[in-house]
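Visitor: Model the structure of this input:
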Amino acid sequence: MERYDSDGNFEPCLKGGHTAHWAVIHGFFVALPAEEVDDVANCCHWEDDVELGKRLRHVRAALSAQTMAAALADKRSVFVYASQGKSRRVGLWDLDCLLRSNGNLAEATRKYDAASEFVLPSGGLVEGLAGKLLLLG
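Guide: This is a model prediction of the structure:
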């Protein structure tokens, strides 16, 4: 689970913690340039994505450590399947955007009296939640 600022469409945004919610991360997606990856040819199949209008490869076998390291080095190519805590809709979010949203948590919303409505960690949002992920086992 990741704490982040939720926009009107539940995607991550940067509002200083004023729209903070929990996101449940269901999985991840890595965009690999086909011309740069030799070891995906025999381990995946093509599938059409109607929304993107493109064909996607779904990897069914393990990729080499070198391929994964190269893909993960470029944060712009890593996405997470996630849903905002109260939503049933799973979205595909840019991981870097989610991390920036989590890192910008500075203060609780001003809509409510934070002292009576919220339980804040010691150190407040900045020390207690910003830059942190909750791993459930």
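Visitor: Now do the SS call for Asn102.
Guide: Three-state assignment for Asn102 (DSSP: H, G, I helix; E, B strand; the rest coil): helix.
Visitor: For it, which non-adjacent residue is closest in space?
Guide: Tyr4 (5.0 Å; CB to CB, 6 or more residues apart in numbering). From N, CA and C alone the C-beta is placed, and that goes for glycine too.
Visitor: I'd guess that neighbour is in a strand, am I close?
Guide: Yes. Counting by three-state DSSP, Tyr4 falls inside a strand.
Visitor: That one contacts Arg100, doesn't it?
Guide: No. In this structure Tyr4 lies outside contact range of Arg100 using CB atoms under 8 Å: 9.0 Å.
Visitor: neighbours around the residue lying closest to Gly85 once chain neighbours are set aside, how many?
Guide: With CB to CB, 6+ apart as the criterion, Gly85 has its nearest non-adjacent residue at 4.2 Å, and that residue is Trp22. Counted with other CB atoms under 10 Å, residues neighbouring Trp22 total 15.
Visitor: what does Gly8 give?
Guide: 7.
Visitor: Is it within a helix or a strand, and which one?
Guide: For Gly8, there is no helix or strand it lies in under DSSP states H and E.
Visitor: so Glu11 sits right up against Trp93, yeah?
Guide: Yes. Here Glu11 reaches Trp93: they are 5.9 Å apart, a contact under CB under 8 Å.
Visitor: the more surrounded of the two?
Guide: Neighbours per residue, other CB under 10 Å: of Glu11 and Trp93, the larger number sits with Trp93, 23 against 19.
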